[in-house]
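Trainee: Show me the folded form of this:
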Amino acid sequence: MRIPGPAEIRSLHEKYAPTTEAFTLVHRHCEIVWGIAEQLLSSPHLAHVDAELIRAGCLLHDIGVYRLYDAEGRLDHRNYIRHGLLGHEILEAEGFPEPLRRFCSHHTGVGLTRHDIVSQALPLPPADYVAVTDEERLVMYADKFHTKSRPSVFLTPDEYTTYVRRFGEDKVAAFASLRTEFGDPDLGWACAVRRHGRGHEDGRRSGVAAAPNTAKGPSRHVR
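Mentor: Okay, here's the model as predicted:
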């Protein structure tokens, strides 16, 4: 399977982003999610996963958000939960294979089940949208520690646990399982960048630790 690199994925974001502001918000978030995932990948017990696939999944997972902006650049918050399926459709139209498309449609929350969709009357076709592979689960997990709100916010594992509890103790248990599987990320670099209001390159020049650069390959050999 051919896996697109950061430059190709950035071009896709630029193609579908309706405004520069939307591009900055979504693409920056995807880069941060990859930074978190790359950090977690340094654990020896994850040496078996495909780092290149995870990088692509992180950088692509929210591309469907662009389809929720109207002509005036306003985001359709009511239908936001559809962004995963919309991203799946974008990647399908672009000719990407199902394993890549699933990073879009199977990363929401800690997994959406058919029961969730039916019982909550969510605007999605009833089905299970649950991350299955280690790569899918890691992308979904890394995504939980950063939001695209204005301003964007980093969440600690305990803060996300508090947030997800509103959706039921089964979701709390699912997140706890992910923490056990992948460990807690060190968000110190993220907090430093947020305090200084700088991106990757500006953070380096100022001596502030910054997220990994997506222009480089994964920090370890892909297996």
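Trainee: F175 falls within a helix, correct?
Mentor: Yes: F175 forms part of a helix when assessed by DSSP: H, G, I helix; E, B strand; the rest coil.
Trainee: Show me which residues of the longest helix along the chain are buried.
Mentor: Once the chain is assigned using DSSP state H, the helix that runs over the most residues is helix 20-40. By neighbour count with 16 or more other Cβ atoms under 10 Å, helix 20-40 contains the buried residues 22-23, 25-40. (Each C-beta comes from the backbone N, C-alpha and C, glycine too.)
Trainee: Next: stretch 76-92.
Mentor: 81-91.
Trainee: mean confidence for it?
Mentor: Stretch 76-92 shows a mean pLDDT of 97.
Trainee: now that stretch, how far from the chain's geometric center?
Mentor: 13 Å (Cα atoms, centre = their mean, to the nearest Å).
Trainee: Okay, now it: how far is its last residue from its first?
Mentor: End-to-end distance for stretch 76-92: 22 Å, by Cα to Cα, to the nearest Å.
Trainee: Run through who's touching that stretch.
Mentor: 12, 16, 60-70, 100-102, 104-108, 112, 122-125, 129 (Cβ atoms under 8 Å, 6 or more residues apart in numbering).
Trainee: now do 7 Å
Mentor: Stretch 76-92 is contacted from outside by 16, 60-65, 67-68, 70, 100-101, 104-105, 107-108, 122-124, 129, using Cβ atoms under 7 Å, 6 or more residues apart in numbering.
Trainee: next one: stretch 140-152
Mentor: Residues from elsewhere that reach stretch 140-152 (Cβ under 7 Å, 6+ apart): 25-26, 29, 32-33, 36-37, 40, 58, 61, 107, 110, 131, 153-155, 160, 178, 182, 185, 187.
Trainee: mind running it again at 8 Å?
Mentor: Against stretch 140-152 from outside (Cβ under 8 Å, 6+ apart): 25-26, 28-29, 32-34, 36-37, 40, 58, 61-62, 65, 106-107, 110-111, 131, 153-157, 160, 175, 178, 181-182, 185, 187, 190, 194.
Trainee: From L178, how far off is the residue nearest the centre of the chain?
Mentor: By Cα atoms, centre = their mean, the mean C-alpha position of the chain lies nearest to D143, the distance being 3.9 Å. Using Cβ to Cβ, to the nearest Å, we find D143 at a distance of 11 Å from L178.
Trainee: The residue nearest to R114 when sequence neighbours are not counted: how many residues sit nearby?
Mentor: Nearest in space to R114, with sequence neighbours left out and distances taken as Cβ to Cβ, 6 or more residues apart in numbering, is P126 at 4.9 Å. By other Cβ atoms under 10 Å, 11 other residues sit near P126.
Trainee: Kind regards, and thank you for your time.
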